[in-house]
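Q: Sequence and predicted structure are below.
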Amino acid sequence: MKRSLLPFSLSLLLTFAVQAEPWTAPIEQIRKVGPEGAGNTEAAAAWNALTSLGPEMLVPVLTAMEGASPLARNWMRTAVETVFDRELTAKAALPGEAIKSFVLDRRHEPNARRLAFELYAKLAPDDSAALIPGFADDPSPALRREAVAKLLAEGKARLEAGEQEKSLATLNAALDAAREVDQIDAITKLLREKLTQKVDLPKHFGFLSHWHLIGPFDNTGREGFARVYPPEDKIELDAEYPGKEDKPVKWQAYATPDDYGKVDFNQPYGPLKQVVGYAYTEFHAAEARDAQIRLGCKNAWKVWFNGELLFGRDEYHRGQRIDQYTLPVKLQPGKNTILVKACQNEQEQDWTAQWEFQLRVCDATGTAILSTDRQPTPEKAAPARRRPAKSE
Amino acid sequence: MRPLFLTLALVILALPVRADWLNFRGPNGSGHAPDNTTTVGELSDRTLAWKVALPGRGLGSAIVVGDKVFVTAASGPEQQQLHILCFSAKDGSPVWERRFWATGRTMSHSKTNVAAPTPASDGDRLYALSSSNDLICVDLDGNLVWMRGLTLDYPNASNSLGMASSPIVVGDTLVAQIENDSESFAAGFDLLTGVNKWKLDRPKSANWTSPTVLNKEGESIVALQSSDGILGLVPATGSSVFTVAGGASTIPSAAAAGDELFIPSNGVTVVALGATGEEPKKVWNQTNQRPGTASLLVAGEKLYLINNAGVLTCAKRQSGEVLWEIRLKGPFSGSPVAGGDGKLYIFSEQGVGQVVDPSGEKGVVSSEIELGETILSTPALDGEALFIRSDGHLWKFAGK
C-alpha cells in the first residue's frame, strides 16, 4: 500500500511545485524574519529572488503585507519599489489597473494600500488624484489624510470667498474625517476662530476626561517607579493609605476640561517633586473588540488594563505628545478598568514642572471609541475676570 | 626614459589623494582626514558644483564611497517614512532610493529629526541607523542585506527628544550606541547578518554622542562616551579595555588621534592609552575650555573646539595652551572637519559655510558662503570635494 502511494505523493508534490508562483516561497521566507536579526540571511536571499521577478510580482507582494510583521512589510515594500522603479525606467508594461484595484480594496493592509496609491499616482496622476475624495472615510489613515487635506483646502477657500455656510459644511466634513492631530488642530482653529463653532475635541479624539486620582506616594530617588503601592494591588475607591511621609491619601474625583484630555496631578496636589500619583477610570464597551489605548506622558509611567500591566517607561521630561505610545488592548463587553501610574522626579527646571498624562481609546485608524456611559466633556472654567482699576 | 618616469611620479604625487568618507566625521570618527592632502579650499559660488533636492529633513551627514554619495532623510507628518538615498558624487544625479516605514518611535524635538544619525559604511555596504532605531543594511547598489528594528527587540530603547548617535564600522563589527534614559545599551552587530555580536547595558541617561576609534600598536579600540565618562572596548567582542571616570558631555563627541583621546569632560580632558592592562594616563585638562554642541577636532598638532557663542579656539595639542581664538558666524549644531592641508570647514545653523585657514599666527576665515537653508549637519570631505546636507538639499563643492 505504501509503495503504491509514493508515486501519487510525488506527483502531487510536483504539481504543487509547478503551480506555486515564483513569489510564493520568497514571501513566506520574508514573513519569517524574527527578533534580533533572526532570518535576515534567508530574507536577503528571498528579497533577491523577488526583485529578480517582473512586474507580475507587484500586486501579490503588496497583498502579502496583510498580517506580516513590520519588519517583513519593509522587506516587501523595498522589493516592490525596486521592481516598480526598474520596470518604470525600462518603460515596461505595468499592471496599473490591478494596482488601482488594490488601492480601492479596503481589506488590504493600510500602509500597503497607501504605497500602491503612490505607485498608481506615478502611472496615472490624474486618475489617482480623482480617487482622493473617496478616501474621507478610509481605514488607511495615510489615504484618509489626502482626503482631509483636500477638504481643508476647500473649506479655507470657501471661507476666504465669504461662503460661510459652505465653508462650515466642508470643514465639519473635514473634521469628521480627520484622524491626525495636525489636521484636527488646523480644522478646529478655523471652526472656532473664523466660524465661532463649538468643537468637542476630547470627544472627537476619544480622550478620557473623568478619573479618580490618588497621591502623592513617594518617588525619592526615582524608586517609586518600581515600588508597588496599594492601588496596583486592588482598587478600592473609598480606601485610605499612607502616602509620602506617611501622610494619609485618598481617592478623589477629577475631571479635565482640557481639549487634549490632559490629567494634571499638579492641580489637586500642587507642584510636588519626587512623587507618584495614580489615576483610575472605567470604560464601558458596547462589544468585545480590538482597540488601542494611546498615551502621552513626559513622566515615568505604567498603564494597567483590566488589571494587567500593559507597559511602563521610566523616562522623565524628554517630551510629550498625543499618541506618544500605542498600547493594543482587547475590550471586553461592559466594564473595563484603566489604571495609570505617573511618577514625578527630582528635577527643578521650569520645563520639568509637568506631572500629567493624556489617554484616549480608539481603533487602529485613530477613530475614537467612546464609552457607552461617556459623560459630557467638562466645561472649561471661564477666564478669571480682571478686577477693574479704580479709574475705570 | 628616466626623466619621463620622474615626471610621471611627480604628477602622481601631486594629485590629491582621495579617500572615502565612511561615517560621521570621517576616519575613526575624528573629523580629520590627514591623507586627504588637498581639500576644496574655498566655499563660494565658484566652487559650488551641484545641489540636489532631498525628500525630507535630516541631521545626518553625507558619506562617500567611491563615486557614490549617500544620505538619509525622514519625511511624513510624523516622520514615519525613512529614506536612504544614493547619488552620483560626480554630478548629483540620483542612482537609487530605498524607503522604509519606521518601526520604532519617531517622536523628536522639532529641531532634530528621525534621520539624525549619519550612516556608516565598510566600503561594501551601507548601515543606516535612525532615531526610530531602525538599523538597515543595504549594499552599494541598494540591495537589502539585513534589517533590524531595535525598538521592536528592546521596546524601551528610545528617547522622546530623539536619538542622534551615529554608528561606526570597526573591523568586522558595526558599533552603535542606543543610549537613553530607559533601556540603554550599546551593541556590536555582525556586518553580514545584523545579529548581535555583543550587547551591554549602558548608563540610563540620554546620550547623543558617537563612538570614536583609538589605535594602539595596530589594534583598534572603540571609545564609548557617556555621562559616566569613557568606556574603551574591543570592537569585535565588546570586552572592556579601559575606563575614564569623571563624566563627559552627552552632546559633543570626543576626538581620537592615534592613541590619544580628547574628551569634552570637565572642560577638555586628554588621555593617552597605556600599556595593555593599564588605565589611560591623563595628559592634560583645561577646565576653562567649554565645547558647545560641535564635537572636538584634532588636526596635526592643533586642537580645535567651538563654544556655544560660536568662538573657535585653537589650542596646542600637547598642552591645551590656547594659541588663538576667533568668533565665527554661529551657532553650530554640526562639527568642524579638516583634511591634510589643515583647512577647517564648518557650517552654521543658519547655513553659512565657513573655511578657516589656520596656517598663520591666527586663524582667518578665508571664505564663506550663505546657502540660505538650515544646516545642522557636519560636512564630508572626499579629495577636493566637500558634501554638506541642509534641510532641503545635498550640496557639493569642488576645487576642480
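A: Yep, that arrived. Numbers count the residues shown, from 1 in each chain, chains lettered A, B, ... in the order given.

Q: which non-adjacent residue is nearest the closest residue to chain B within the stretch 51-200 of chain A?
A: Going by CB to the nearest CB, chain B is nearest to residue A:70 of the stretch 51-200 of chain A, at 4.3 Å. C-betas here are computed from N, CA, C, even on glycine. Using CB to CB, 6 or more residues apart in numbering or on different chains and skipping the chain neighbours, the partner closest in space to residue A:70 is residue B:103 (4.3 Å).

Q: and that neighbour, helix, strand or coil?
A: coil (DSSP: H, G, I helix; E, B strand; the rest coil).

Q: What about the nearest residue to residue A:39 once chain neighbours are set aside, how many residues nearby?
A: Spatial nearest neighbour of residue A:39, chain neighbours left out: residue A:33 (4.2 Å); criterion: CB to CB, 6+ apart. Number of residues near residue A:33 (other CB atoms under 10 Å in any protein chain shown) recorded here: 25.

Q: In the chain, mark out all the helices, start to finish.
A: Because you didn't say which chain, this covers chain A. A:2-19, A:24-31, A:40-51, A:58-64, A:70-89, A:96-104, A:110-123, A:125-131, A:141-160, A:164-177, A:181-193, A:201-205, A:230-233, A:266-269 (DSSP state H).

Q: should've been chain B
A: Counting by DSSP H, the helices of chain B are B:2-14, B:150-153.

Q: picking that back up, and the residue nearest to residue A:39, what does it touch?
A: A:39, A:40, A:43, A:69, A:71, A:72, A:75, B:147 (CB atoms under 8 Å, 6 or more residues apart in numbering or on different chains).

Q: 7 Å - rerun?
A: A:39, A:40, A:43, A:69, A:71, A:72, A:75 (CB atoms under 7 Å, 6 or more residues apart in numbering or on different chains).

Q: farthest pair in these?
A: A:40 and A:69 (12.9 Å; CB to CB).

Q: These two: which has the busier surroundings?
A: residue A:40 (24 against 18).

Q: now stretch A:380-392: mean pLDDT?
A: Per-residue pLDDT over stretch A:380-392 has a mean of 52.

Q: Around residue B:272, how many other residues sit close by?
A: 15.

Q: Which strand residues bridge it?
A: residue B:260, residue B:281 (DSSP bridges).

Q: coming back round to it: in CSV: the helices of chain A, plus mean pLDDT.
A: As requested, the helices of chain A are arranged in CSV below (pLDDT from 0 to 100):
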stretch, mean pLDDT
helix A:2-19, 49
helix A:24-31, 98
helix A:40-51, 98
helix A:58-64, 98
helix A:70-89, 98
helix A:96-104, 98
helix A:110-123, 98
helix A:125-131, 98
helix A:141-160, 97
helix A:164-177, 97
helix A:181-193, 96
helix A:201-205, 96
helix A:230-233, 98
helix A:266-269, 96
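
Q: Count the residues that sit near residue 195.
A: Looking at chain A here, since you left the chain open. With other CB under 10 Å as criterion, residue A:195 counts 16.

Q: was after chain B, sorry
A: Neighbour tally, residue B:195, other CB under 10 Å: 14.

Q: Count the residues that sit near the closest residue to it other than its chain neighbours.
A: Of all residues beyond its chain neighbours, the one nearest residue B:195 is residue A:37 (3.8 Å), with distances taken as CB to CB, 6+ apart. Residues lying near residue A:37 (other CB under 10 Å) number 21.

Q: And residue A:28, by the same measure?
A: Residue A:28 has 12 nearby residues by other CB under 10 Å.

Q: Repeat that for the one 4 residues further on.
A: Residues within reach of residue A:32, counting by other CB under 10 Å, total 13.

Q: Contacts only, for it.
A: Counting by CB under 7 Å, 6+ apart, the residues that residue A:32 touches are A:39, A:42.

Q: Would you list the phi and psi of it?
A: Note on residue A:32: its backbone torsions stand at phi -90, psi 0 [degrees, to the nearest 10].

Q: Look up how far chain B lies from it.
A: From residue A:32 across to chain B, the span is 13 Å (CB to the nearest CB, to the nearest Å).

Q: how close does the residue nearest to residue B:91 when sequence neighbours are not counted sit to residue B:348?
A: Closest residue to residue B:91 apart from its sequence neighbours, by CB to CB, 6+ apart: residue B:50 at 6.2 Å. Residue B:50 sits 22 Å away from residue B:348, going by CB to CB, to the nearest Å.

Q: Then residue B:364?
A: 17 Å.

Q: Those two - which one has more neighbours?
A: Here residue B:364 and residue B:348 are compared on neighbour count by other CB under 10 Å; more neighbours surround residue B:348, at 22 against 14.

Q: Next one: the more buried one relative to chain A, how far apart?
A: Distance from residue B:348 to chain A, by CB to the nearest CB: 25 Å.

Q: Would you pull up how far stretch A:371-385 lies from the middle of the chain?
A: 25 Å (CA atoms, centre = their mean, to the nearest Å).

Q: and that stretch, which residues are buried?
A: Buried residues in stretch A:371-385, counted by 16 or more other CB atoms under 10 Å in any protein chain shown: A:371, A:374, A:377.

Q: Do you know the pLDDT at residue B:275?
A: In this model, residue B:275 is scored at 78, pLDDT.

Q: From residue B:75, how far off is it?
A: For residue B:275, the distance to residue B:75 - CB to CB - is 50 Å.

Q: So these two - more neighbours on which side?
A: Taking other CB under 10 Å, residue B:275 and residue B:75 do not tie; residue B:75 has more neighbours (18 against 7).

Q: Flag every residue of chain A that's near chain B.
A: Residues of chain A found near chain B (CB under 7 Å from any CB of the partner chain) are A:35-37, A:40-41, A:44, A:47-48, A:70-71, A:73-75, A:77-78, A:81, A:111, A:180, A:182, A:313-316, A:318-319, A:321, A:324.

Q: Can you say which of the residues you listed are buried?
A: A:37, A:40, A:44, A:47, A:70-71, A:73-75, A:77-78, A:81, A:111, A:180, A:313-316, A:318-319, A:324.

Q: ok, back up a step: redo the buried residues of stretch A:371-385 as CSV? Include pLDDT and distance to residue B:172.
A: As requested, the buried residues of stretch A:371-385 are exported to CSV (pLDDT from 0 to 100; distance: CB to CB, whole Å):
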residue, pLDDT, distance to residue B:172
A:371, 98, 56
A:374, 96, 58
A:377, 94, 59
